[in-house]
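Student: Provided below for reference: sequence and predicted model.
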Amino acid sequence: MADFSAPLRLRLDGDALLANWRWLKRLGGAAACGAAIKANGYGLGSTAVMRRLLEVGCRDFFVSNWAEAAVLEPLVGEGVSLSVLHGVREEDMTVALASRARPVLCTEGQIARWRAADGGPCDVMVDTGMNRLGLDWRGDVSALVARLDIVTLHSHLASADEDTPLSQDQLERFSALRSQVRAARYSLANSAGICLGAAYAFDMTRPGIALYGGVPREEVAGHIRQVVFPEAQVLQRRRVRAGDTIGYNATHRAAAEMEIAVVNLGYADGYLRGFSGRGSMTVGDKSLPVVGRVSMDLTAVDVSALSDITEGDWLGVDYALVEAAAVSGLSQYELLTGLGARFDRIWR
């Protein structure tokens with residue numbers, strides 16, 4: 001088969017990924033620093049992310065479900081930990097019992113299922129105020145997890161990206177649990193939680209968004225580097241006459257004659273309609289505004305200022321996460337995990 005390349009690519013900065021992990025590890029002090037690589041490594045490719053982080057000493061990884069874990073099973077060697085955050089359903093038991101990954105047991109039913117199968121080492125999630133997954137911190141957690149071989153007891157901060165009393169409440173509740181529930185390790189802090197101070201680090205932190213260039217709190221700005229740089233290829237350059245409209249529903253009308261480039265990028269690729277008339281692309285130091293509505297596979301960009309842009313050229317998509325979130329109305333998480341399978345992912 002002939003070599004083939006897509007008209008979309010993500011340039012992924014491996015050095016920035018590793019620099020981000022090292023900075024988060026330093027910020028967490030003596031705690032081990034893991035990595036959330038669920039959702040296909042936040043859209044970057046979980047295998048590629050895990051391989052790189054292993055090279056710099058990361059040993060604790062987190063995915064959502066057993067299908068994600070199965071992809072990474074070949075990388076789980078001696079001293080490497082892979083935890084499945086959604087626990088274990090009845091349908092998962094055959095795979096889970098044979099896997100080197102561990103379930104993070106979240107419900108009484110999961111605990112009973114794992115215990116009945118003599119499932120071996122596991123993690124446990126306790127809810128301390130988010131009301132999502134986990135055992136209720138107000139219950140008799142110690143009795144519920146009796147006779148389990150718990151590697152890590154987890155909880156998850158609900159609002160660490162804000163200054164709110166809830167984070168302190170969750171810290172106090174989890175600290176109390178530490179004295180009541182026996183586990184080899186205890187873990188509370190996500191990316192934003194690491195920034196709240198050493199008290200939140202416990203034995204291990206679990207950064208996610210900040211690894212990939214996200215800025216969950218202002219303390220991170222200036223320390224976390226952009227990792228993901230989308231690029232899209234020009235399919236057609238065309239002249240638009242004054243008064244003509246561009247795209248679906250004619251949301252942009254040309255005030256004067258202009259030149260546009262139609263690029264191979266749309267909401268099917270994760271470049272959602274929030275960028276319509278608000279996003280921008282770049283060639284060198286020239287910013288090129290998106291004009292008209294983003295459609296499923298195509299987006300129009302004003303290239304009037306650049307006479308040499310033509311079919312086959314590549315445009316950089318402005319995608320620094322804080323700025324792109326402000327422009328699009330999407331969260332930094334949505335921006336990353338929504339990047340679709342039609343991108344070639346190219347590490348440098």
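Tutor: Structure's in. What do you need? Only a predicted model underlies this, so the values are computations on that prediction, with no experimental measurement involved.

Student: Then Leu10 would be within a helix, right?
Tutor: No - the assignment for Leu10 by DSSP: H, G, I helix; E, B strand; the rest coil gives strand, which leaves it out of any helix.

Student: If I look at it, what pLDDT would I see?
Tutor: According to the prediction, Leu10 has pLDDT 98.

Student: likewise Ala2?
Tutor: At Ala2, the model reports a pLDDT of 47.

Student: what do you get for Leu196?
Tutor: pLDDT recorded at Leu196 is 97.

Student: And Asp149, by the same measure?
Tutor: According to the predicted model, the pLDDT of Asp149 comes to 98.

Student: Counting neighbours, what do you get for the closest residue to it other than its chain neighbours?
Tutor: By the measure of CB to CB, 6 or more residues apart in numbering, the closest residue to Asp149 outside its immediate chain neighbours is Pro121, 4.7 Å from it. For every residue, glycine as well, the C-beta is placed using N, CA and C. When counting by other CB atoms under 10 Å, one arrives at 13 neighbours for Pro121.

Student: ok, now which ones touch Pro121?
Tutor: Contacts here follow CB atoms under 8 Å, 6 or more residues apart in numbering; on that basis Pro121 touches 102, 149-151.

Student: Ala261 now?
Tutor: When contacts are counted by CB under 8 Å, 6+ apart, Ala261 is found next to 234, 236-237, 288, 300-301, 303, 309, 313, 315.

Student: ok so it is a helix residue?
Tutor: No - checked against three-state DSSP, Ala261 lies outside a helix; its state is strand.

Student: what is it paired to in the beta sheet?
Tutor: Here Ala261 sits in beta bridges with Arg237, Val301, as judged by DSSP bridges.

Student: looking at it, Arg100 is touching Pro74, isn't it?
Tutor: No - in this structure Arg100 lies outside contact range of Pro74 using CB atoms under 8 Å: 9.7 Å.

Student: Looking at those two, which has the bigger crowd around it?
Tutor: The residue with the greater number of neighbours, taking Arg100 and Pro74 and applying other CB under 10 Å, is Arg100; the counts read 14 against 9.

Student: List the residues that contact Ser307.
Tutor: Glu259.

Student: tell me which element it falls in.
Tutor: For Ser307, there is no helix or strand it lies in under DSSP states H and E.

Student: Would you mind giving the domain segments of this structure?
Tutor: Under automatic domain parsing, the residue ranges defining each domain of the chain are 31-214, 228-347.
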